Structures are given as structure tokens and as C-alpha cells.
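1. What follows is a predicted protein model with its sequence.
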Amino acid sequence: MTAAAGYNVINTGGSHVGTDLTGLFGATVYAATVTIDLVNVIPVSALGSANLTYTTLLATINAAIFGFGVAALVGGNIRITSDTTGLSSTVTIVDAGLDPLFFSLTGFVGFIPVPGTATVVTYLYNVGQTVFVVTPPSVLGFNNVSGVQQGVVKIVDINVSLPTPALPKITYTIQYCVAVNGSTVVSESQVFGDIDSALAEYKTEIDAVC
């Protein structure tokens, strides 16, 4: 699953288009505070008018939150979406003062905040699972030793971290050359696109040693 941006839906019934009137009438300044990504606290205000449409209101909101998020009509409701992704990608809204901006919209129901999500890395192998079987090169003489014709490679431990959203860093410890001559445990930490790439590269070293 890839990372997603957090957003907040101002639920007004889900049926509006840009030309609809907002219901923010009169020469009144309607206000709210929009906080994006937990730290960007942005005051948003709009001057009421008998002809104030959703298109005009969205332009006002977008001018205020530019560089941090974007507002649009999605499914007939205003949705304010963060420009970032990940767990800290959030949009919270507090209507302010005697003339709250969003609460005063015609048909206002409530807010629906949805936090962002982080990239989830998946891999095919579990700890203790046999990954592949190594046949030792005959030049090392192992083929003449009973029980050492093959070494079973198993994953002892895998830890995944994300130095960047797109490229996981896989720290893996694998056990190889499990045979009568004992075993060797090696731990390495490198950046690979997935666990399969990590093991494929390391298999070359295992083939050379076993």
C-alpha cells in the first residue's frame, strides 16, 4: 500500500456543484481555522454575499491554504486535502467566532476527517522459512563429504524500515551452509527495492562460500 494524503470532508449533503450558492449571505465575514499536518495553523475567512457560489468559496479557501493543501468539491462536498502524505498528513478544522464558515453552509452536517497513511512494505518470506537451496561448488571439495552437498538458506530475522517512502531498507540476518560442517550467520543492512532483491544479491556470496 502506498502512502496517502490526509483530508477533511465538510459534509453538506453531497449534492453541490460549483455554481450552487453557499448560503453565506449578507456582508458578514465567516471564519474558520484549518490546521494542516498538525503544525500549519491557517485562518480562513470569506465575505458573505447573496451570490457567493461554491466555486468562489473554494478559490478563497485555496488562496489561504496554498502551499499546504488544496480544497475541491469531491462527491458534492468540499474536501480539503493535505499536500503531504504519511501518518502526519492531517487536516483538522475548527469553526471560529460568531459566524462560523463551514457550519453556516446550507445543509451542513459535520466534518469527516481522514488521516493520511504511510507506505506499507510487504515481502514474501517469513522468519524461519527456507528461501532457496545452495549447491556448493565442487571445486571446494564439499561434494565429496557426505551430508554437505547442499546448504539450506533460512531467514533468521528481517527488519524493514523506510528511509524514503519509495525505497525500503531491509536489515536481514540469514543462516546458510547448514550441514555437518556447522553454520554461519551473517547480518547485513542495505537498501533494496524488496526482500527478493536483497536475497538474490546475497545468494551470489552464499554460493561462493558454501
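-> That came through, no problem.

2. mind giving me the domain ranges of the protein?
-> 7-114, 130-209 (automatic domain parsing).

3. Go through the ones you listed and find the least confident stretch.
-> Lowest mean pLDDT of the domains of the chain: domain 130-209, a mean of 46.

4. Would you list the phi and psi of residue 63?
-> The phi and psi values for residue 63, taken as degrees, to the nearest 10, are phi -70, psi -30.

5. From residue 112, how far out is it?
-> 23 Å (C-beta to C-beta, to the nearest Å). In short, each C-beta sits where N, CA and C put it, glycine included.

6. Then residue 40?
-> To residue 112, residue 40 is 20 Å away according to C-beta to C-beta.

7. Would you enumerate the residues in contact with residue 28?
-> The contact partners of residue 28, by C-beta atoms under 8 Å, 6 or more residues apart in numbering, come to 47, 48, 99.

8. Tell me the spacing between residue 24 and residue 6.
-> 26 Å.

9. More neighbours: which of the two?
-> Using other C-beta atoms under 10 Å as the criterion, residue 24 and residue 6 rank with residue 6 on top: 25 against 22.

10. what's the pLDDT at the more buried one?
-> 96.

11. quick revisit: neighbour-wise, which of residue 40 and residue 112 wins?
-> residue 40 (16 against 12).

12. And that one, how close does it get to residue 74?
-> Taking C-beta to C-beta, one finds residue 40 at 21 Å from residue 74.

13. cool, residue 102 as well?
-> 15 Å.
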